[in-house]
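Q: Need the 3D shape of this:
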Amino acid sequence: MKKASFYLLTDTHYVSKKNWVEGNPFTFRERSDQIALKATPEILDTFLEKVIADRETDTVLFTGDNVNNCDMNSHYEFRERLERLVEAGKKVYVICATHDYSGGGEDNNWFESCRYTETGTEPIESMRKGGLFDFYYDYGPKQALSVHRESGSYTVKLCDGARLIAIVDNGDGGGYCGLFEDGIEWLKSEIKEAKDNGDFVLLATHHPVLPPWEVYRHVADYEMYGGYRELWKIMCDNGVRVIFTGHTHIQNIRKYTDNNGKWFIDISTIALSNAAGKMRKVDVDADNGECEVTSIGIEKLSGIDTGGLSAYEYLYHLNFPGIWEKLIPLSASDFNAFLELADGYLSTEKLKKFKTLIQLAGKGVRKIRISSVAKLSGAWKSMPQQLRIESKDKKLIDAVYVILKHIFTGNAPFTPNTAEYKAFDSLVARADKIVNLFNIKKVKAIIPPSSSLREIAQDFLYNCRTGNDDEIKFSLK
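A: Presented below is the predicted three-dimensional model:
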């Protein structure tokens, strides 16, 4: 049978416990990175327990930023975990990305390894870009049908009828993360080779090929896969239906269709080190030309006493949404605690200057109801009676928390038939009119061409793309 299954994990950002001690330097780094850095060994181990327990799935793919700060301690410990998978009978394929090596002045990658002490940092041994290929040779290149040595990209056989092309997109380590000309020609030849042999092609790389939201590409184009427009054409012209990506830390499935109706899907996976981290399970049926993708999270953390809390509950307040969910109430109730939590994340000196204003805002924002937003935006007049009743009981701040929670997890719930959607949508539509009327250039600068604030907002209110960021089934034909 022409079938294969694999697990996909991305952005593990593994940090060895040899690299830090408790203190502000590493706590502030964790807050600024907005992922659970201190718990990365336990998070990874818990997911790998699930992978090993599944005896039916024999392949595991990691798609980059495997370690957080390019240090050798973390690389060795991460590789030990790969060996654990191999010993359990798994085939393991690894893609490396910018967090995995130090530029050291050789390219535009600015990462340098360090150990976090109680008062600062001290340098430790770094992985250089040139060392990645040999270090991870056994996990992809060794099993490959073909290897592009310059980039480290490679092709492996998933099963009869399907191949995976792993694109290592380090590029210059900075403003261009993609393949250079020779690598692009190699990729084209690998796709042709697969097609000539009747194999479906699945691609995987680290940086996004389609943005999680259109505004992302407009304001952070350099964070995209370098030459993504050319890759769009290559995929569409050759009938390559899917590419798996990471980097954004966002659970997102997005479809691209060109002017001729040709299409592909970019499946981006949330960072494993996020409080709500998940891995993808990919099932390929080459007999019928189908691919199904589902998502798997964890309930409990192995190796950490969470006091009875779930993994998500324990880790949530280390992430961007959870920090803000604590900061906003503290701003009104306990300003000193607010400053302590904000320290390392926001400038406490600036916050002190605006203490009174922040306290008033913190108190005021918690009183505003969705009904007030609906009246201000004009949505109230056309809102059904049942939604009017609901909106009087719903707080604006709770809706904001929900939106923040779903920035990384996808599938925000405020569909067009909800009171929250109608209120926010009308409010942003009015904002669009004000921006255009007064020609507010700073706001216009973040709006993609032929778009609007209203269209940008819809990306954050609900999944207006594929309907579900956690799962999808599609044809490979």
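
Q: Do a quick rundown of the helices in the stretch 101-250 of the chain.
A: Using DSSP state H, counting those that start in this stretch, the helices assigned to the stretch 101-250 of the chain run over residues 129-135, 181-196, 214-219, 228-238.

Q: ranking these by mean pLDDT, which is last?
A: The stretch with the lowest mean pLDDT among these is helix 214-219, at a mean of 89.

Q: Give the buried residues for that one.
A: For helix 214-219, burial by neighbour count (16 or more other CB atoms under 10 Å) applies to 214-218. For every residue, glycine as well, the C-beta is placed using N, CA and C.

Q: So what touches it?
A: Applying CB atoms under 8 Å, 6 or more residues apart in numbering, the external contacts of helix 214-219 come out as 208, 211, 223-224, 248, 446-448, 451, 455-456, 459.

Q: List buried members of these by neighbour count.
A: Taking 16+ other CB under 10 Å as the criterion, what is buried in the contacts of helix 214-219 is 208, 211, 224, 248, 447-448, 455-456, 459.

Q: which among the buried residues of helix 214-219 gets closest to residue 200?
A: Distances from residue 200 to those, taken as CB to CB, are shortest for residue 217 (27.5 Å).

Q: thinking residue 475 is in contact with residue 242, fair?
A: No - using CB atoms under 8 Å, residue 475 is not in contact with residue 242; the gap is 10.2 Å.

Q: Which stretches in the stretch 251-400 of the chain count as helices?
A: Going by DSSP H, counting those that start in this stretch, the stretch 251-400 of the chain shows helices at 311-315, 320-333, 335-342, 348-353, 355-365, 370-377, 385-393, 396-409.

Q: do you know which of those lies nearest residue 435?
A: Of all those, it is helix 370-377 that lies closest to residue 435, at 14.9 Å by CB to CB.

Q: so that closest one versus helix 396-409, what angle?
A: Counting by axes from the mean of the first three to the mean of the last three CA atoms, to 10 degrees, helix 370-377 lies at 90 degrees to helix 396-409.

Q: ok so, going back, reformat the helices of the stretch 251-400 of the chain into a markdown table and put mean neighbour count and distance to residue 101 next to each item.
A: Formatted as a markdown table, the helices of the stretch 251-400 of the chain follow (neighbours: other CB atoms under 10 Å; distance: least, CB to CB, whole Å):
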| stretch | mean neighbour count | distance to residue 101 |
| --- | --- | --- |
| helix 311-315 | 20 | 27 |
| helix 320-333 | 18 | 26 |
| helix 335-342 | 16 | 32 |
| helix 348-353 | 11 | 34 |
| helix 355-365 | 14 | 41 |
| helix 370-377 | 20 | 47 |
| helix 385-393 | 15 | 51 |
| helix 396-409 | 19 | 25 |
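
Q: Mean pLDDT and distance to residue 282 added to those, as a markdown table?
A: Converted to a markdown table, the helices of the stretch 251-400 of the chain look like this (pLDDT from 0 to 100; distance: least, CB to CB, whole Å):
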| stretch | mean pLDDT | distance to residue 282 |
| --- | --- | --- |
| helix 311-315 | 95 | 23 |
| helix 320-333 | 91 | 27 |
| helix 335-342 | 94 | 39 |
| helix 348-353 | 94 | 45 |
| helix 355-365 | 95 | 42 |
| helix 370-377 | 97 | 39 |
| helix 385-393 | 96 | 39 |
| helix 396-409 | 95 | 19 |
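
Q: Dump these into CSV; add distance to residue 152 as well.
A: Output for the helices of the stretch 251-400 of the chain, formatted as CSV (distance: least, CB to CB, whole Å):
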stretch, distance to residue 152
helix 311-315, 32
helix 320-333, 31
helix 335-342, 40
helix 348-353, 43
helix 355-365, 48
helix 370-377, 50
helix 385-393, 54
helix 396-409, 28
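
Q: and of these, who's closest to residue 169?
A: Once the helices of the stretch 251-400 of the chain are compared by CB to CB, helix 396-409 is nearest, at 21.5 Å.

Q: and the residue sitting nearest the centre point of the chain, what is it in contact with?
A: Taking CA atoms, centre = their mean, the centroid of the chain lies closest to residue 249, which sits 1.6 Å from it. For residue 249, the contacting residues are 11, 34-35, 270-271, 274, 408, by CB under 8 Å, 6+ apart.

Q: Apply 6 Å and report the result again.
A: Applying CB atoms under 6 Å, 6 or more residues apart in numbering, we find residue 249 in contact with 11, 271, 274, 408.

Q: what does residue 298 give?
A: Contacts for residue 298 (CB under 6 Å, 6+ apart) come out as 46, 311.

Q: what's the closest of the buried ones among the contacts of helix 214-219 to residue 15?
A: Using CB to CB, the buried ones among the contacts of helix 214-219 come closest to residue 15 at residue 248, 20.0 Å.
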